[in-house]
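Enquirer: whatever this is, show me its structure:
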Amino acid sequence: MVKKLLSIMLVFLCLLCSACGPQDAAGRGEGVTSVANYNFFGEPINVEVKQVPQKILVCGNSGAKTLLALGAGEQIAAVVLTDAGEREALQKQLPQAKIYTQPLQLEAATLLAPDFILGWRRYFADNQLGDTTSWIAKGVPAYIQDASGPIPAKGKFPACTIASEQKFIRNMGLLLDKQQKAEELLREIDVELQVKKPLKPQKVLFVEFLGGNIEVFGNDLLSGDIVRHFGSSLISYSAPFISQEELMNMPAEKIFVVYHGGEVQKNSALAQLANPLYQHIPAVQQGKIYPINYNEIVAPGCNLVQTLRYIRQCLEI
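Expert: Here you go, the predicted model:
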């Protein structure tokens, strides 16, 4: 009788285990994980994964760095760089990954056979990867990195804010089954946001010199949200580009000069404000000029905490 009962229990346990279904490497089972995103045109879509991606194509340095920070580096198969200057450093961190300094075309990306694509919006243009919806239709989840649009917060695109960067980190944690690490990163950001030291309200300018053009970063970008959070106001215009005369008469008390690249490009950008025409700007008179890399203020991902700290420290001076 005892043997019979043991046999019945064993059969029951086997049936119970089989009912649980197969598990993937992360132990999530066959359930679908879904997060909200948008396509190339800013229309809302959902991105779903059934299993933890193991062959990821990342288009954008900050995306690759965020996945590394989440502990998902081994799952990256290829990276397309927005900043080629970081190629050597990223290759050391991702020895198994193919590193590209030029955008991939659809055919080349298809040959990589990725099981997940993460990229800045511009890489999903028709002459490159094609829209995310076409990849999703083929069974490959594709996610446009939050706040990576050319004119974010315009038209259908969501605003570029501290919250949108937090959303990106949280979504990557969900899709890649790295929720614990994602929450650790988010807590670091929250700590930086909760710094209580009062700051004097100031008029702040974010400016980038593009050849003969002068671009002002507006209130609808991440820079505007950060400046507002720390109690100051961002000088903004209805159009992103301003004239030399408008810059000459700018009442900015602090100026952040946006640049691309390394030390040479940084020094070249800062040198633009040495022009005698700009000597009447309060920030120039008082030496309150601070460089900031483009990748630190546009879709910074996991580097948001460093960006918040740097801007806050500059505002304290």
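
Enquirer: show me this structure divided up by domain.
Expert: The record assigns the chain these domain ranges, following automatic domain parsing: 33-192, 203-316.

Enquirer: and G218, that one's in a strand?
Expert: No: with DSSP: H, G, I helix; E, B strand; the rest coil as the criterion, G218 is assigned coil and is not in a strand.

Enquirer: give me phi/psi at it?
Expert: phi -90, psi 180 (degrees, to the nearest 10).

Enquirer: so for it, what pLDDT did the model give?
Expert: At G218, the predicted lDDT confidence score is 87.

Enquirer: how about the residue lying closest to it once chain neighbours are set aside, secondary structure?
Expert: Leaving aside its chain neighbours, G218 sits nearest to S236 (4.4 Å; criterion: Cβ to Cβ, 6 or more residues apart in numbering). Glycine gets a C-beta too; all of them are placed from N, C-alpha and C. When classified by three-state DSSP, S236 comes out as coil.

Enquirer: is T133 in contact with N39, as I believe?
Expert: Yes: using Cβ atoms under 8 Å, T133 makes contact with N39 at a distance of 5.1 Å.

Enquirer: identify the contacts common to these two.
Expert: I45 (Cβ atoms under 8 Å, 6 or more residues apart in numbering).

Enquirer: who's more crowded, those two?
Expert: Between T133 and N39, counted using other Cβ atoms under 10 Å, the more crowded position is N39 (18 against 15).

Enquirer: separation between the more buried one and M172?
Expert: 18 Å (Cβ to Cβ, to the nearest Å).

Enquirer: burial count for E48?
Expert: For E48, the neighbour count with other Cβ under 10 Å is 12.

Enquirer: helix or strand for it, which one?
Expert: strand 44-49 (DSSP states H and E).

Enquirer: in terms of secondary structure, what does that strand contact?
Expert: The contact analysis (3 or more Cβ pairs under 8 Å, 6 or more residues apart in numbering; DSSP states H and E) places strand 44-49 against strand 33-38, helix 132-137.

Enquirer: okay, the ones you listed in a markdown table with mean pLDDT and distance to L308 next?
Expert: A markdown table is the format used below for those (pLDDT from 0 to 100; distance: least, Cβ to Cβ, whole Å):
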| stretch | mean pLDDT | distance to L308 |
| --- | --- | --- |
| strand 33-38 | 95 | 24 |
| helix 132-137 | 96 | 29 |
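
Enquirer: using CSV, lay out these together with distance to Q313.
Expert: Shown next, in CSV, are the helices and strands packed on strand 44-49 (distance: least, Cβ to Cβ, whole Å):
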stretch, distance to Q313
strand 33-38, 33
helix 132-137, 37
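
Enquirer: just to revisit the earlier point, ok, the residue nearest to G218 - contacts?
Expert: 216-219, 224.

Enquirer: if we go to 7 Å?
Expert: Contacts for S236 were tallied using Cβ atoms under 7 Å, 6 or more residues apart in numbering; they are 216, 218-219, 224.

Enquirer: reformat the residues you listed as CSV; add neighbour count.
Expert: CSV is the format used below for the contacts of S236 (neighbours: other Cβ atoms under 10 Å):
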residue, neighbour count
V216, 22
G218, 20
N219, 16
G224, 22
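
Enquirer: check S233 and give its pLDDT.
Expert: S233 is assigned a predicted lDDT (pLDDT) of 95.

Enquirer: for it, which non-adjacent residue is closest in space?
Expert: The nearest residue in space to S233 (Cβ to Cβ, 6+ apart) is K203, at 5.9 Å.

Enquirer: quick one: pLDDT of that neighbour?
Expert: 97.

Enquirer: next up, the contacts around it.
Expert: 233, 235, 251-253.

Enquirer: and which of the residues you listed is nearest to G262?
Expert: A252 (25.5 Å; Cβ to Cβ).

Enquirer: grab the nearest non-local neighbour of the closest one.
Expert: In this structure, A252 finds its nearest non-sequential neighbour in L205, 3.9 Å apart by Cβ to Cβ, 6+ apart.

Enquirer: on the three-state scheme, that neighbour is what?
Expert: strand.

Enquirer: dump the contacts of S236 to JSON lines, plus distance to I45.
Expert: Converted to JSON lines, these look like this (distance: Cβ to Cβ, whole Å):
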{"residue": "V216", "distance to I45": "32"}
{"residue": "G218", "distance to I45": "26"}
{"residue": "N219", "distance to I45": "27"}
{"residue": "G224", "distance to I45": "26"}
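
Enquirer: closest one of the residues you listed to A269?
Expert: V216 (14.1 Å).

Enquirer: which residues does that closest one form beta bridges with?
Expert: Going by DSSP bridges, V216 is paired in beta bridges with V207.

Enquirer: quick one: it from V207, how far?
Expert: 6 Å.

Enquirer: over to A269?
Expert: Distance, A269 to V207, by Cβ to Cβ: 9 Å.
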